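Undergrad: Okay, sequence plus prediction incoming.
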Amino acid sequence: MKPLPLIGVAALVAGCSTPLPPAPWQSSAPPHPDSAAEGAPVQSVALTVDGYKRDVARAIYRNNPENLFDGAPPPTLRAVVVLSIHIDPAGRPLRLAVLRSNGYRELEEIALASVRRAAPLPMPNRLIARNGEAEFVETWLFRDDGRFQIRSLAEAQATLED
């Protein structure tokens, strides 16, 4: 193989340094809630309530790692806590209420505290908000050890046969 003349190498290198146009996924859209700086509210880009619930659940997961468990929820759960959540346009929880529980007050408080700890939550976009706030119901699945997953992000629950 013949060595390339120096001028040919210089042209080849110069051609490689030409900046490429941005990729289609590198848009100027608001950042996804997973990329937010800690404590800074971000605008959710979700267009449905279910998508917004997943954005909020991811924010809760980021701010409560010590309370989470990995893998599929076990076939038998210690508790299921269902919360009604109202979030203002700035991502602040306005109202939190326990709608359903097995009666384990300490687990209800863990669920409520996990939402408060994650504030400010992703800001709901105008398509999600009604009367200026987002409102939805979310479910916390608790194992025997008191660790949880949120239904919107949880894997399918294990069965007794697994």
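TA: On my side now, so go ahead.
Undergrad: any low-confidence regions in the protein?
TA: Along the chain, segments meeting pLDDT under 70 span 1-39, 162.
Undergrad: where does the residue most central in space within the chain land in three-state SS?
TA: In the chain, the centroid-proximal residue (C-alpha atoms, centre = their mean) is Arg58; its distance is 1.8 Å. For Arg58, the assignment made with DSSP: H, G, I helix; E, B strand; the rest coil gives helix.
Undergrad: just checking, it touches Ile150?
TA: No: Arg58 is not in contact with Ile150 according to C-beta atoms under 8 Å; the separation is 9.0 Å. The way it works is simple: take the backbone N, C-alpha and C, and place the C-beta from them, glycine included.
Undergrad: Do you have the helices of this protein handy? List them.
TA: 6-16, 49-63, 105-118 (DSSP state H).
Undergrad: could those go into JSON lines alongside distance to Glu155?
TA: Shown next, in JSON lines, are the helices of the chain (distance: least, C-beta to C-beta, whole Å):
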{"stretch": "helix 6-16", "distance to Glu155": "44"}
{"stretch": "helix 49-63", "distance to Glu155": "13"}
{"stretch": "helix 105-118", "distance to Glu155": "19"}
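Undergrad: For those helices, state which one has the densest average packing.
TA: Across these, averaging neighbours per residue (mean count of other C-beta atoms under 10 Å) puts helix 49-63 on top, at a mean of 20.
Undergrad: what does it rub up against?
TA: 32-34, 36, 44, 46, 68, 85, 87, 114-115, 117-118, 121-122, 124-125, 128, 134, 136, 138, 150, 152-153 (C-beta atoms under 8 Å, 6 or more residues apart in numbering).
Undergrad: Please, a ChimeraX command that selects the buried ones among these?
TA: Those of the contacts of helix 49-63 that count as buried under 16 or more other C-beta atoms under 10 Å are selected in ChimeraX with:
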select :33,36,44,46,85,87,114,115,118,121,122,124,125,128,134,136,138,150,152
